[in-house]
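**Q** Build me a structure from this.
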Amino acid sequence: MCFEVTNNCLKLAYHDPRPYWISSEIITFSCSKNYGNPSGHSLWTMGISLAVVLDIYRSNPHSKLFAWLACFIAVFIGISVGASRLYLGAHSLDQVIYGWLLGIWLATTAEYTYKTSLMNHI
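**A** Modelled structure (predicted):
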């Protein structure tokens, strides 16, 4: 719930319209009344998949091949979801890229800044 509120606050701050609001040539399967920047689907798939990869890598740094394979799969999943948002006409390229960058930032910040103190409290 908190993450959804944060994403909606970012969308309201940027006021970036979705592509089908601008052009009547873009046909979508469903319409959203929220602004489009950043792409929440791109943000969360890239962020969560990279957070899992970083956690695997930091817990077992000896398996470099597995870490690279997991990183490739995570980035592939994030790019696939972003490409699907572009294909469906739900977001423009800048909205998807911004979502990817926020997801990468979120995963690295959580892993390198908050994880140690959070695990100590648990």
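
**Q** Can you name the element that comes right after the helix or strand bottoming out on mean pLDDT in the chain?
**A** Within the chain, no helix or strand scores below helix 19-22, which has a mean of 51 by mean pLDDT, DSSP states H and E. Proceeding N to C from helix 19-22, the next assigned helix or strand is helix 40-59, under DSSP states H and E.

**Q** Need the residues that contact the top helix by length along the chain.
**A** If you go by DSSP state H, the chain has its longest helix at helix 64-87. Contact with helix 64-87 is made by 39, 41-42, 45-46, 49-50, 52-53, 56-57, 60-61, 91-93, 95-97, 99-100, 103, as judged by C-beta atoms under 8 Å, 6 or more residues apart in numbering. Glycine gets a C-beta too; all of them are placed from N, C-alpha and C.

**Q** now do stretch 42-51
**A** 3, 7, 71, 73-75, 77-78, 81-82, 85, 91, 95-96, 99-100, 102-104, 106-108, 110-111.
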